[in-house]
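Chemist: I'd like to go over a predicted model; first the sequence, then the structure.
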Amino acid sequence: MKNLTKALLAAPVALTLIAAPAAFAATTTTTTTGLTQPDNLPDGKDVIERGIEAIGGKRAYRKLENIRQTGRLETAGISGSLKIVANDDDNVRVTIDIPGFDQVITGVSGGVAYRTSITQGAQVLEGKEAESQIEEADFFRAINPWDFIESAETVAAEDVDGEKCYKVRLELDNGDEQTRWYSAETGLLRKSQSIVPQAGQMINTTTVTSDYREVEGVLFPHRLDLSAGGLPPQSLIMDKIEANVDLDSDALALPDDVQALVK
């Protein structure tokens with residue numbers, strides 16, 4: 001149960017799942033195999049720009065004002081409900097509820113990054129972890145990659161679950177590195193790896209994205225398979241994704257126990 005608690009607390013805050021910035025290296029059900037590495041690999045920047053067009057393009061994405069996602073999280077043989085709400089003011093709330101065990105809420109509201117759970121209590125995040133969570137809450141991060149990517153280099157063509165992908169190595173403006181695999185056929189992001197801060201530690205994490213479906217003219221993955229360090233693998237399965245919906249006034253407010261910590 002201790003590892004399960006850690007896995008829940010490590011659940012991603014990233015709303016812009018198409019950019020999969022909460023992405024991560026350890027064992028997953030996905031296999032990546034090497035292919036030949038031709039001299040004519042596409043430019044890394046072109047691969048990323050094609051990925052944006054593949055999900056519907058910048059114009060369609062900018063029409064989104066908010067997103068509400070509901071589904072479930074499956075990990076270590078246990079299943080719980082999952083809800084993600086975000087808006088174009090860069091507020092986001094992720095709620096994972098496993099009845100009889102725990103409820104974890106994590107997010108960003110008014111520039112405050114937080115996490116609270118029944119078993120661990122409330123916490124206002126600070127330092128690298130807070131910075132990372134706030135960056136990932138950027139609603140339009142997925143279509144503004146050059147705001148945070150310094151360089152992008154296509155380093156290989158590899159198979160991901162039998163699908164040929166271009167492997168692109170990124171250097172971010174904060175000094176971090178990330179690797180992404182984009183489908184050579186569709187241009188869609190299929191996998192990403194990075195190191196993310198979590199509870200004072202840096203964790204190698206991997207995210208695999210699949211089951212893309214259209215929502216208000218934009219393709220969103222409805223399944224993410226995650227792994228982080230030695231923690232149990234997680235599957236985030238979205239039953240419904242909605243955009244430009246009426247949200248309750250407190251849907252993205254700080255939870256009461258977190259608000260009590262904010263001076």
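Modeler: All right, it came through fine. Numbering: from 1, shown residues only.

Chemist: mind listing the helices for the stretch 151-263 of the chain?
Modeler: 256-259 (DSSP state H, counting those that start in this stretch).

Chemist: where in it is pLDDT low?
Modeler: 196-202 (pLDDT under 70).

Chemist: As a check, name the ranges of all strands in it.
Modeler: Remark: strands assigned in the stretch 151-263 of the chain by DSSP state E, counting those that start in this stretch are 163-172, 177-183, 189-198, 201-215, 218-228, 234-243.

Chemist: which neighbours does the last one have in its sheet, and in what orientation?
Modeler: Within its sheet, strand 234-243 is paired with strand 66-75 (antiparallel), strand 218-228 (antiparallel), according to DSSP bridges.

Chemist: Quick check on Gly57: phi, psi?
Modeler: Main-chain torsions, Gly57, degrees, to the nearest 10: phi 90, psi 160.

Chemist: Check it and give its pLDDT.
Modeler: Note for Gly57: predicted pLDDT of 97.

Chemist: number of nearby residues for it?
Modeler: Neighbours of Gly57 under the rule other C-beta atoms under 10 Å: 13. All C-beta spots, glycine's among them, are computed from the backbone N, C-alpha and C.

Chemist: Then Gly127?
Modeler: Around Gly127 there are 10 residues (other C-beta under 10 Å).

Chemist: burial of the residue nearest to Asp88 when sequence neighbours are not counted, as a residue count?
Modeler: Residue nearest to Asp88 in three dimensions, not counting chain neighbours: Phe139, with 4.6 Å by C-beta to C-beta, 6 or more residues apart in numbering. By the criterion of other C-beta under 10 Å, Phe139 has 22 neighbours.

Chemist: Tell me the spacing between Phe139 and Arg62.
Modeler: 10 Å (C-beta to C-beta, to the nearest Å).

Chemist: For Leu252, give me its contacts.
Modeler: Val85, Ala86, Asn87, Asp89, Asn91, Val92, Arg93, Gly107, Ser109 (C-beta atoms under 8 Å, 6 or more residues apart in numbering).

Chemist: Give me the distance between it and Glu53.
Modeler: 29 Å.

Chemist: next one: Arg115
Modeler: From Arg115 to Glu53 the distance is 35 Å (C-beta to C-beta).

Chemist: what's the answer for Asn204, then?
Modeler: In terms of C-beta to C-beta, Asn204 sits 30 Å off from Glu53.

Chemist: With Gly111 instead?
Modeler: 31 Å.

Chemist: sorry, back to before: neighbour count: Arg115 and Glu53, which is higher?
Modeler: More neighbours surround Arg115 than the other of Arg115 and Glu53, with 25 against 11 (other C-beta under 10 Å).

Chemist: correct me, but that one touches Leu125?
Modeler: Yes: contact criterion C-beta atoms under 8 Å: Arg115 and Leu125 qualify, at 6.3 Å.
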